[in-house]
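Undergrad: mind folding the following:
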Amino acid sequence: MSFSEARAFQLLLLLAGNCLSAADSSASPSTATETTSQQTPASATSRRTVSEYATYTTVSSTSTEDAKEQKEEIPVLEVMKYNITIKEFSTNDVLTSVTLAKPTILELLCTLDIDTFTEKATIGVTWRMGNTTVKDDNVTKYQNIWSSQYTAQIKNKDQLGNYTCVFKTEQKAEGRFDVQVPKTEGKSKTIISYVGDSAVMKCSSGKYIPFDWIWYTKNGSEKVIINSTLRPEKYDVFPKNHNMTKLKVMGITEKDGGLYWCEAVFVQLGESTGNTSLKVLTYMEPLKPFLAIAAEVIILVAAIFIYEVYTKKKEPVAEGEKECEQTEQLKSEDSNGVENSTTRHRKI
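TA: Take a look at the predicted model:
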């Protein structure tokens, strides 16, 4: 082999080596790519797991927030304090009126403050709700007074009524708390309207705002709810959520007359009712006094006319009677004259 041929062979081997190294380097990236592509599902799975965890965490936090909101929705009852001080023994209870429009915690305090009553340092006190004993207490004198407290949670209408503190003394010493919902008052005067017109009736619950107002009318002996939504052309109830309500009755007929009831609804504590009345008149009503007067005038005129006719008929009869009497009188005078002359002739 010559030197040139050997040199060419070495060049071929060198080129072949370079090609092989290039092939190896190109193979390595492809392998890395395959490895990466094979790991992609695992990473995706990992991402899904994180996402699912995030979702679960969000749901859990939302549930926690809902629970917090539900706890916050539980109303915190207002605390109201009332007290009664008994200054002297009496056969009558000392009374305090308590008006509630919503569930409330009541702290009721009874104090016995009588200077002449000093023989005992400790006195028994009984608290009653209606006729049921709810607490027995023993109180010690402090600065010459005895005090007992009772806390009542008024959450529904069954807990309304009278709460009485009874001091166990020889003479009567009792205080009474009368717990009720606000009173509802209707208009005391009867509302008067005419057939075909409209009328507005009112009710009030004082300074307290009820949850809702309900109006009733009477159908025979039963009370029927007035539904202004079903009959907007006939009834209108306004305003809503206010301490006063108004019922407007339109297109009045004679059947619409009578009693109407307004009911104030206080959530959980019950209802209170007032009433008002509506009198329906026809357009002949204003004419009735005039017609009555006209009838009296007609009767009076007729009586006068009859009297005049009667007196006119009676006058000729009276004149005829007078003439007859005069004629008879003349005849009697004539006859008396004849008799007298005859008597005279006989005497001669």
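
Undergrad: ranges for the helices of the protein?
TA: Under the criterion DSSP state H, the chain carries helices at the ranges 3-73, 287-347.

Undergrad: mind telling me which of those helices the model trusts least?
TA: Within the helices of the chain, the stretch with the lowest mean pLDDT is helix 3-73, showing a mean of 44.

Undergrad: list the contacts for residue 256?
TA: By CB atoms under 8 Å, 6 or more residues apart in numbering, the residues touching residue 256 are 249, 278, 280. For the C-beta atoms, the positions are set from N, CA and C on the backbone; glycine is no exception.

Undergrad: backbone dihedrals for residue 269, please?
TA: Here is the backbone geometry of residue 269 (degrees, to the nearest 10): phi -100, psi -10.

Undergrad: I'd like to know how far it sits from residue 210.
TA: Remark: distance between residue 269 and residue 210 (CB to CB, to the nearest Å) = 10 Å.

Undergrad: any common contacting residues for the two?
TA: Shared contacts of residue 269 and residue 210 (CB under 8 Å, 6+ apart): residue 101.

Undergrad: in the chain, which strand has the most residues?
TA: Longest strand in the chain by number of residues (criterion: DSSP state E): strand 270-281.

Undergrad: dump that strand to CSV, restricted to CA.
TA: What follows is strand 270-281 as a C-alpha-only set of coordinates in CSV (Å, rounded to 0.1, in the frame of the first residue of the first chain):
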residue,chain,number,x,y,z
GLY,A,270,-97.4,35.6,69.1
GLU,A,271,-99.9,38.1,67.8
SER,A,272,-102.1,40.9,69.1
THR,A,273,-105.4,41.9,67.5
GLY,A,274,-107.4,45.1,67.1
ASN,A,275,-110.6,45.9,65.3
THR,A,276,-112.5,48.6,63.5
SER,A,277,-115.9,48.8,61.8
LEU,A,278,-117.2,50.0,58.5
LYS,A,279,-120.8,51.2,57.9
VAL,A,280,-121.9,51.3,54.3
LEU,A,281,-124.7,53.8,53.2
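
Undergrad: which residues touch it?
TA: Counting by CB under 8 Å, 6+ apart, the neighbours of strand 270-281 from elsewhere in the structure are 157, 160, 180-188, 190-195, 199, 201-205, 214, 249, 252-254, 256-266.
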